[in-house]
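Engineer: Quick one: sequence plus predicted model below, questions after.
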Amino acid sequence: MEKDLKSKNFIKGMKTRREVLGNEHVERAVKNTNKIDERFQDFITEGAWGTLWSNEKLSRRDRSLITISLLAAIGHHEELEMHFNASKNTGATFDEISEVLMHVAVYAGVPASNSAFKILKKVFKESN
């Protein structure tokens with residue numbers, strides 16, 4: 001999709017994506033985009049960020065906590081680390097994230113929660 005033909009949801013999604021993940025992360029993703037994943041990057045920017053994350057029915061904090069719980073439960077560690085870092089921009093606190101991971105332990109399993117706690121400790125140790 002050419003830049004001048006981007007949809008309103010794409011433009012809104014890129015703004016939200018930058019606000020949540022940070023400019024540095026988004027710039028790195030944009031720079032690393034090529035013909036192989038260009039359509040995918042457009043899709044997640046428009047769909048996930050422009051439609052879902054930009055919707056005001058849930059706060060960014062709530063969306064952050066939901067996303068973290070889902071990523072921890074299914075073991076997507078790279079994305080989980082990214083969203084732990086993003087929580088610093090969404091208002092989700094370390095204590096709230098820890099509580100979410102306790103729910104993950106009960107409903108998705110202790111190993112999933114244990115892995116997520118290891119990543120959380122790394123991310124928040126680096127930020128202190």
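Structural biologist: Thanks, I have it.

Engineer: Downstream of the helix or strand harbouring residue 70, the next helix or strand is which one?
Structural biologist: Assigned by DSSP states H and E, residue 70 belongs to helix 60-74. Using DSSP H and E, the helix or strand that follows helix 60-74 in sequence is helix 77-90.

Engineer: Buried residues, that next one. List them.
Structural biologist: 80, 81, 82, 83, 84, 85, 86, 87, 88, 90 (16 or more other C-beta atoms under 10 Å). Using the backbone N, CA and C atoms, a C-beta is placed for each residue, glycine as well.

Engineer: Out of those residues, which is nearest to residue 123?
Structural biologist: For the buried residues of helix 77-90, the minimum distance to residue 123 (C-beta to C-beta) is 4.2 Å, reached by residue 84.

Engineer: how close does the closest one sit to residue 100?
Structural biologist: 11 Å (C-beta to C-beta, to the nearest Å).

Engineer: swap in residue 65?
Structural biologist: Distance, residue 65 to residue 100, using C-beta to C-beta: 5 Å.

Engineer: quick revisit: give me the contacts around the helix holding residue 70.
Structural biologist: 19-20, 52-53, 58, 77, 79-80, 83-84, 86-87, 89-92, 96-97, 100-101, 103-104, 107-109, 112-113, 115-116 (C-beta atoms under 8 Å, 6 or more residues apart in numbering).

Engineer: Could you give the average pLDDT over it?
Structural biologist: Averaging pLDDT along helix 60-74 gives 98.

Engineer: How is residue 54 assigned, secondary-structure-wise?
Structural biologist: Classification of residue 54 using DSSP: H, G, I helix; E, B strand; the rest coil returns coil.
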